[in-house]
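# Turn this into a model:
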Amino acid sequence: MIKKDFEIDRDSRLYPELLRQIPNPPKKLFCRGNPELLDCRKVAVVGSRRYSLYGKQTALMIGKYFGKTELAVVSGLASGIDTFAHTGVLEAGGSTIAVLGTGLDRNYPVKNKPLQEEIAEKGLIISEYENDFSGNQYSFPARNRIISGLSEGVVVVEAGSSSGSLITAQFAGEQGRTVYAVPGNINSQFSIGTNLLIRDGAVPLVVVKDVLLDMGLELPEENEKKIALGGDEMAILEIVKRNNGIHVNEIAHIMNKNIGKISAIITVLEIKGIVISHGGKIHLAN
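This next block holds a predicted model:
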């Protein structure tokens, strides 16, 4: 039976060893949910509260992808990318951990109360703060060290120049974790942070399976073939199958859609490992 509410300190056998090794690890963790998730392998997926359609689609996709593996996905339950990452994992029936900057009995943001309750029921919620603590300007940046500290790697999906997820990436680098960043449009305010991370040495996340390979894991072949595709993704894939090597402009013309939207969807298909692009032309990956 899953124990719902419990707390552990640094001397507890449940205290995650990776977290114990970081500078200034939390003295105590207040937890709600499944304690077994403290002992499994973890990867963080984070990003900005402000997001584009591309960022939303990518975070959901990555969450669903990891949700089909043995990994638990760690994030911060913030609006935007964090929310979509948690949601994607849950939709895939996977395991997710939310690290709060408030106490467990507080809901921030308020609109995420149903999601917080679902994670408490199906995953795990963690805080270093007493249950009734409402949070402050220091507690949210501080919790980011726990997000990265719990995880073997940190994926930053989308981040502006001042996104809090860049703090998580900084903590990850200091803790010796691998930082992955999803490349974005160089003209997009939502991608400047991730693109700068890549410039400064982060691993460009072009195919999500690369994270699993780096960790020595492999997604089961039968699950890999069940990657869910949306309506527009399926339509683009069918066009590429009929016209392997087709230009992105031609796809936009055939579908009578904005080229920016088509380019964003193609990028997601690239990350899923379904298509590749070269010189503006789109090819099947296999």
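# Where does pLDDT dip in the stretch 151-286 of the chain?
219-228, 286 (pLDDT under 70).
# Tell me where it has helices.
Taking DSSP state H, counting those that start in this stretch as the criterion, the stretch 151-286 of the chain carries its helices at 165-174, 192-199, 209-214, 221-224, 231-242, 248-255, 259-271.
# And the stretch 1-150 of the chain, by the same measure?
Taking DSSP H, counting those that start in this stretch as the criterion, the stretch 1-150 of the chain contains helices spanning 17-20, 53-67, 81-91, 113-122, 139-150.
# Which of the ones you listed has the lowest mean pLDDT?
Lowest mean pLDDT within the helices of the stretch 1-150 of the chain: helix 53-67, at a mean of 91.
# circling back: looking at the helices of the stretch 1-150 of the chain, which is closest to Lys281?
Each of these was checked against Lys281 via CB to CB, and the shortest separation belongs to helix 53-67, namely 20.1 Å. Any C-beta I mention is one placed from the backbone N, CA and C, and that applies to glycine too.
# in the closest one, what's buried?
54-67 (16 or more other CB atoms under 10 Å).
# Tell me the spacing between the closest residue to Val45 other than its chain neighbours and Leu284.
Closest residue to Val45 apart from its sequence neighbours, by CB to CB, 6 or more residues apart in numbering: Ala85 at 3.9 Å. Between Ala85 and Leu284 the computed distance is 28 Å (CB to CB, to the nearest Å).
# before we move on, back to that, would you list the buried residues of helix 53-67 in JSON lines and tack on distance to Gly184?
Compiled in JSON lines, the buried residues of helix 53-67 are given as follows (distance: CB to CB, whole Å):
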{"residue": "Tyr54", "distance to Gly184": "7"}
{"residue": "Gly55", "distance to Gly184": "8"}
{"residue": "Lys56", "distance to Gly184": "13"}
{"residue": "Gln57", "distance to Gly184": "12"}
{"residue": "Thr58", "distance to Gly184": "9"}
{"residue": "Ala59", "distance to Gly184": "12"}
{"residue": "Leu60", "distance to Gly184": "16"}
{"residue": "Met61", "distance to Gly184": "14"}
{"residue": "Ile62", "distance to Gly184": "14"}
{"residue": "Gly63", "distance to Gly184": "18"}
{"residue": "Lys64", "distance to Gly184": "20"}
{"residue": "Tyr65", "distance to Gly184": "18"}
{"residue": "Phe66", "distance to Gly184": "20"}
{"residue": "Gly67", "distance to Gly184": "23"}
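# returning to that earlier point: right, and the helices of the stretch 1-150 of the chain - which one's nearest Val240?
Counting by CB to CB, Val240 lies closest to helix 53-67 out of the helices of the stretch 1-150 of the chain; the figure is 17.6 Å.
# The closest one packs against which elements?
Taking 3 or more CB pairs under 8 Å, 6 or more residues apart in numbering; DSSP states H and E as contact, the helices and strands that helix 53-67 lies on are strand 42-46, strand 72-75, helix 81-91, strand 95-99, helix 259-271.
# Switch those over to CSV; also include mean neighbour count.
Shown next, in CSV, are the helices and strands packed on helix 53-67 (neighbours: other CB atoms under 10 Å):
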stretch, mean neighbour count
strand 42-46, 29
strand 72-75, 28
helix 81-91, 26
strand 95-99, 28
helix 259-271, 20
